[in-house]
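Asks: how does the following fold in three dimensions:
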Amino acid sequence: RVSGTLSVSRGSSHLLSLLTHKPLISCRRHRRRASQCCLSQPSGVHYCIPFLSLRALLPAAPTKRTFVAISPPTWCSVMPLEGNGRFLLLYATQKGQAKAIAEEICEKADGKGFVADLHCLSHLEEFDLERERAPVVIITSTTGTGDLPDTATKFFQEVSGILAPHHYAHIKYAVLALGDSTYCYFANAGKMIDMQLQQLGAEHFYTTGYADDSVGLELVVDPWIDGLWDALKNVCQEQKKMNGDGERMLDTSDSSRTNKPEVENPGVSAVIQLLRIDKETEDSNTTSESLVQDTLAARSQEPGPVAAWVQSEKQLSESALNIPTLPIEYLNVQFQKDAEQNSTQECFSLASNLTVFQVPVTKAIALTREDAVKTALLLELDISNTSMTYEPGDSFSIICPNNGSEVDYLIQRLGLGDKRDHIVDLYIRPNSKKKGAHLPDYIPKRSTLQFILTWCLEIRAVPKKACLRALVEYTSDPREKRRLQELSSKQGTADYIRHIRDFNVCLLDILRSLPSCHPPFSLLIEHLPKLQARSYSAASSSRYFPGKLHFVFNIVEFPSTPVQLIARRGVCTGWLAQQVTAVLQSYDSEAAIGDCLSNGFAPTQVSIFRRQNTFFRLPIDTAVPIIMVGPGTGIAPFIGFLQNRQKQREENPECTFGEMWLFYGCRHHDRDYLFRNELRHFLSNGTLTQLEVCFSREATDEKPKYVQHLLQHLTHVVTKVLLSENGCLYVCGDGKNMAKDVTTTLTEIISEKLGVNTLEAMRVVASLREENRYLQDVWS
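Replies: Here you go, the predicted model:
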């Protein structure tokens, strides 16, 4: 909302998702919500409205607000500092992105005249906010549907237990929150930490940044870091004045001062922050010379196809480049031939702080026909011999290995074929200048090379620019070296996003396409993140199937493209499909479906741990009516809902039960209609009130194509359940398109029903989310 206007580029659904981007905080003592919205930006502009509550959306008396424009600094020399320019730099990471950004800030700090004291938030013994007087910078990611990363949970519990409102009044801090706007609670972990520190009296010295991984973190991260140095300089100057120090720091930039024009901002009680992304030259310690580009006119005659990303466009190939500072290498690796190998810890190397259960797969059923576009499998796990419990709506994680053939290729490509079974000894290089250098705790001691690449490192991860910059030093061919320089540079950001990030190009692809690149194994450990467990929704109720846990997934297929030449399957879904091939049964088989043991097969073992999803649950009051929207495998948690409700009806016939409506969609009625027999059963016994199904590849002008069209056909049901009967709406499935389309449709339905404009309708939908009556469990 700027000068009384509100403009978005993706329609009301996008705006609504932004208006309801709020931190969802759960801890032992309390549960709080706050809000923040990120308006969609015109080219080169990113707007943020932090902590926008529903009250702030209501009409209010016009007040004057500050419009902050942050321009990247343009200085080229080191900023001299009188005294100690120290700041505390903390990060909380799940997949390594926040850590990589924090390390980038740490390395750049030296060149700006600052000293960054770098620590992970989980290492509480290494820093003390109680006594900290230097500025604090926090970089945090968000995991799950809005959860804190594992490395931030202990810290958040500590600060949440503090009751004094001015406990951290001495703290000046800044937060860079990473997230994905595909999910409802965008950048929620950063908002939770931010709000908690503010409630304890801490003050911002720099605007909070909200980086969106769905469009590219760099679009916000790079300008946010550029503006950080001026903010640090200013807060250090202020602290000096407060301490009675009259010494002055030299002003190193005339054009980088914060510009603060005043604008009227009626109705929104928040400060609008503008992060400008302009074309000014980025500060860099290393700038390439203008290279003669006829070396790029033609590649040498190499066998096989060349990936499209290897070739650069003429304009980029002829440009001078701002190349990032070379990351400091800090690990040494030694290989020892030893018969004693650590082959039993794969279950614990990824989840050492969680309770992991190894359970057998007792059933594997193909839910789709062979000619379906996607192959969906249902697996049954036997958890009867464990202490694991779950409720319908919960999710759980599977610890899976990397693809065996890809691990074999990587070992050979690194020239380590004779060291496959050797013990890997890791240690920090003596006199390393890497700040905060430590050994990765997710690699067990005395692990073999094969074990580390199979169970510990995400070898399919998209490499960060810092990794590409590091690979430059181990690439001998001038053309290949130049291309890596381009992709790691500021000028090559568009190429990096278009060719590397958007196509999920990984280190395997880079090594296949750049034959002169020969990195050491230590570089992979330094730059590849931890191999993450994969999460799935429970598709069953433990009351309906005691001792069993069902889940459904599509086998993810990545076809070959001009950019990514090798076709692949998903890391976990491909591995699971391979494991159950011998015992896979057909859903349409006339023979009774039996378990693995009854069919004479030894069951496959998988390692799992529970991820509680307390918000995506059936209402405690069974009389509350609900609408469920779940196309494709998004139907999984709703099967558990229906199984649970059937058992409730059988065990409590005297109770009142609200209506249950299910809106389901797939491509073809006879190829990929999941759980059709079970749904008919729930309809026939009255558990399911109404089933509405659409088939997108069979749709006509008269027939709905997608689930949002089904909602449009039954607007009276939607408004009755949500507006008249205080019911709940659950959505599960694709968050990139389907969930946003459902939100847009819901907004239109409410607007028409209540006779209000779109903004007023969005307020109503936002209130449904605030009341936990519009719930989403989505993925990208």
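Asks: near Y442, how many other residues are there?
Replies: The criterion is other C-beta atoms under 10 Å. On that basis, Y442 has 17 neighbouring residues. For glycine as for every other residue, the C-beta is placed from the backbone atoms N, C-alpha and C.
Asks: make sure I have this right: I750 is in a helix.
Replies: Yes: with DSSP: H, G, I helix; E, B strand; the rest coil as the criterion, I750 is located in a helix.
Asks: strands of the stretch 551-700 of the chain, start to end?
Replies: With DSSP state E, counting those that start in this stretch as the definition, the stretch 551-700 of the chain shows strands at residue ranges 557-558, 568-569, 585-586, 605-611, 626-629, 660-666, 690-695.
Asks: tell me which of the ones you listed sits nearest to Y544.
Replies: Between Y544 and the strands of the stretch 551-700 of the chain, the tightest spacing by C-beta to C-beta is seen for strand 660-666, at 14.9 Å.
Asks: what mean pLDDT does the closest one get?
Replies: Over the span of strand 660-666, the pLDDT mean works out to 97.
Asks: what packs against it?
Replies: Packed against strand 660-666, as judged by 3 or more C-beta pairs under 8 Å, 6 or more residues apart in numbering; DSSP states H and E, are the following elements: strand 626-629, helix 636-651, strand 690-695, helix 707-713.
Asks: could you check the angle the second one makes with strand 660-666?
Replies: What it means is helix 636-651. Angular relation of helix 636-651 and strand 660-666 on a 0 to 180 degree scale: 150 degrees, by axes from the mean of the first three to the mean of the last three C-alpha atoms, to 10 degrees.
Asks: where is the longest strand in this protein?
Replies: Taking residue count as the measure and DSSP state E as the definition, the longest strand of the chain comes out as strand 357-366.
Asks: by mean pLDDT, flag the weakest helix or strand of this structure.
Replies: Least confident element among the helices and strands of the chain, by mean pLDDT, DSSP states H and E: strand 272-276 (a mean of 27).
Asks: I figured P327 hits S522, correct?
Replies: No: with contact defined as C-beta atoms under 8 Å, P327 and S522 do not form a contacting pair (11.9 Å).
Asks: the more surrounded of these two?
Replies: Neighbours were counted for P327 and for S522 using other C-beta under 10 Å; P327 has more, 21 against 16.
Asks: quick check: that one vs I635, distance?
Replies: Computed as C-beta to C-beta, to the nearest Å, the P327 to I635 distance reads 45 Å.
Asks: V361 too?
Replies: Distance of V361 to I635, given as C-beta to C-beta: 21 Å.
Asks: now swap in H668 and tell me
Replies: Relative to I635, H668 is positioned 15 Å away (C-beta to C-beta).
Asks: and if you look at T208?
Replies: With C-beta to C-beta as the criterion, T208 and I635 are 38 Å apart.
Asks: likewise for F521?
Replies: When C-beta to C-beta is applied, the distance between F521 and I635 equals 44 Å.
Asks: of these two, who's got more company?
Replies: Counted by other C-beta under 10 Å, F521 and I635 do not tie: I635 has more neighbours, with 29 against 21.
Asks: where does pLDDT dip in the stretch 501-650 of the chain?
Replies: Applying pLDDT under 70 to the stretch 501-650 of the chain flags the ranges 590-592, 594, 596-600, 612-613.
Asks: if we go to 90?
Replies: Low-confidence segments of the stretch 501-650 of the chain (pLDDT under 90): 502, 560-566, 588-603, 610-615.
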